[in-house]
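Structure, please.
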Amino acid sequence: MANSPTIATSSEDVGSVPFTPHMHISTTSSPPRDMFATPSSTTQPPTILSSSMHQMPPLPPVPGFRDSSYGKIWVSPGAKHDFLPPKGPSRVISNIIKAKYDSPWPNWTKVPQDYKNMWFDEFKKKYKWFPRYEKFVRATFNHKGSVIVKNTMSKLQAGKDKGEWIIPEVRQQLDAYWSGDDFKKKSDTSKQNRAIDNGASLYTGESISITVHRKRMVHELNRDSTIFDLMARTKKNKDGQWVNDKAKDIVDEFIRHRENIHPVDDTQDVFGE
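Residues are numbered from 1 along each chain as shown. Presented below is the predicted three-dimensional model:
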């Protein structure tokens, strides 16, 4: 009896079995399909994907890039009171304000709301943003506008800005306002307040840091130094006087606050009074 051909039982066996002309290996249990047969009515046609299904979703706009549809530049929230990009919008706001400064408004508060709205509308012609940023953009616009008006008026008054952009009649009225008694009184009061604030923040601890002062006082007092100890060391002159009345008022307020929470008996010793 002739030897029958060996049938491979695995994919590994197929490579090791010699091929014979009469050998038939079935790879599927279904009957062979006629490749020339006409598809029946129950055959599902192949799914054709539309070109839109292959399109990638649009990328989010990059701040500072110009929109191809409207020619506007995209902006988004940046740091506090600022945009992304930070530089361009400030210049645009300054140019918008200077182009339509029709009355002698000495500061942002005096500018009528309809003018502020008009300036913002001009800003919207050059920039665009997502609707969810609307409140942020308007608040940032107002802040920048306030700073720009303040700085511009200061430069005009000091002669650093020649004011060629402003209407001559408006400039004359501004000059009259700045030379008036009311403005001078307000200006003098502001200067005094700034001097007081600077005095209250004056540091008399020389070039020694607070940390070093605190470590030294631990050894001097033989106890942990308190905030009051440090203030007495760094807010008094060499003659033992507070740098000014406002500094003393701040310390007195601290003392009252601490006594209301936890009464202490060593206040006189702490401040040497």
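
For this structure, which element, helix or strand, carries the lowest mean pLDDT?
helix 267-271 (a mean of 43; mean pLDDT, DSSP states H and E).

how much space between Lys100 and Ile167?
To Ile167, Lys100 is 10 Å away according to CB to CB, to the nearest Å. All C-beta spots, glycine's among them, are computed from the backbone N, C-alpha and C.

of those two, who's got more company?
Ile167 (13 against 10; other CB atoms under 10 Å).

Give me the below-cutoff pLDDT ranges for the stretch 51-200 of the chain.
By pLDDT under 70, the weakly predicted segments of the stretch 51-200 of the chain are 51-60, 183-200.

quick check: domain ranges of the protein?
Here the domain parsing of the chain from automatic domain parsing is 73-178, 210-271.

Tabulate those domains in CSV, adding columns for distance to Pro63.
Output for those, formatted as CSV (distance: least, CB to CB, whole Å):
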stretch, distance to Pro63
domain 73-178, 4
domain 210-271, 41
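
Would you mind telling me which of these is nearest Gly64?
domain 73-178 (4.0 Å; CB to CB).

Return the most buried member of the domains of the chain.
The highest mean neighbour count among the domains of the chain, using mean count of other CB atoms under 10 Å, belongs to domain 73-178: a mean of 15.

Tell me the span between the first and last residue of that domain.
By CA to CA, to the nearest Å, the extent of domain 73-178 from end to end equals 38 Å.

Same question for stretch 162-172.
13 Å.

Go ahead and name everything in contact with it.
Around stretch 162-172, the neighbours that count as contacts under CB atoms under 8 Å, 6 or more residues apart in numbering are Lys98, Ala99, Tyr101, Asp102, Ser103, Pro104, Leu156, Leu174.

Closest to Val149 out of those residues?
Tyr101 (8.6 Å).

Would you report the backbone torsion angles of the closest one?
phi -100, psi 90 (degrees, to the nearest 10).

Setting aside sequence neighbours, what's the nearest residue to it?
Ile166 (5.9 Å; CB to CB, 6 or more residues apart in numbering).

Now do the SS call for that neighbour.
Classification of Ile166 using DSSP: H, G, I helix; E, B strand; the rest coil returns coil.

any idea how far Ser68 is from it?
Ile166 is 37 Å from Ser68, by CB to CB.

and if you look at Arg214?
In terms of CB to CB, Arg214 sits 61 Å off from Ser68.

Where do the strands of the stretch 151-273 of the chain begin and end?
With DSSP state E, counting those that start in this stretch, there are no strands along the stretch 151-273 of the chain.

Tell me which stretches of it form helices.
168-178, 181-200, 210-221, 227-234, 245-261, 267-271 (DSSP state H, counting those that start in this stretch).

and the contacts of stretch 162-172 as TSV, adding distance to Lys116?
Below are the contacts of stretch 162-172 laid out as TSV (distance: CB to CB, whole Å):
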residue	distance to Lys116
Lys98	15
Ala99	14
Tyr101	12
Asp102	13
Ser103	13
Pro104	16
Leu156	20
Leu174	19
